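# need a 3D model of the sequence below.
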Amino acid sequence: MPAAHPPKTPEMEQLHRRLNTAHGALLRVHKAALDHERVRYERVHRPVNGPLEFLKLALNDPWFAWLRPMSELIVQIDEFVSSKEPTELPQGEALLNQARDLLTPGETGSAFAREYHRAVTESPEVAMAHGDWRRVIA
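Numbering: from 1, shown residues only. Sure thing, here's the model as predicted:
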């Protein structure tokens, strides 16, 4: 019979709420950025034939590679919050800090920062989702 996990501390419950809120906002930014990149891709290459082809492109095509760090972070937050194993406050705080760092658009810096800056600048939807993200993470 598996050992019962100790009850969550109030600090851990608060962290989980913050991570869940951040996760939802990240998903909205990710969707807006993916939608924007799809439009850009279709302008340059060709129309995408349905959701399955788009999923394959998003996962494998270099055009969408810059979005993968955000995808991976979303998965990491989801795994942390839904983990059946005990988790540590510093790990969860590190995920929030990683999210803050990653979603900082910039004309210089990492490839992600530059591409994210471009997307925020070009797309009102990405800019709105980014604004919502900033309010949530503050």
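# residue 129 and residue 32 touch, don't they?
Yes: counting by C-beta atoms under 8 Å, residue 129 touches residue 32, with 4.2 Å between them. (Glycine included, C-beta is placed from N, CA and C.)
# where's the residue nearest to residue 64 when sequence neighbours are not counted, which helix or strand?
In space, and not counting its chain neighbours, residue 64 is closest to residue 58: 4.8 Å by C-beta to C-beta, 6 or more residues apart in numbering. In this structure, residue 58 sits in helix 50-60 according to DSSP states H and E.
# give the buried residues for whichever helix or strand comes after that helix.
Next helix or strand after helix 50-60 toward the C-terminus (DSSP H and E): helix 68-82. Across helix 68-82, burial judged by 16 or more other C-beta atoms under 10 Å covers 69, 70, 73, 74, 76, 77, 80, 81.
# what's the neighbour count on residue 117?
Using other C-beta atoms under 10 Å, residue 117 has 17 other residues around it.
# ah, wrong one, I meant residue 66
Neighbours of residue 66 under the rule other C-beta under 10 Å: 19.
# how close does it get to residue 96?
Residue 66 is 22 Å from residue 96, where distance means C-beta to C-beta, to the nearest Å.
# please apply the same query to residue 8.
Going from residue 8 to residue 96 by C-beta to C-beta gives 17 Å.
# any buried residues in stretch 53-62, and which?
So for stretch 53-62, counting by 16+ other C-beta under 10 Å, buried means 54, 57, 58.
# any chance of the residues you listed in TSV, plus pLDDT?
Below are the buried residues of stretch 53-62 laid out as TSV (pLDDT from 0 to 100):
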residue	pLDDT
54	96
57	95
58	94
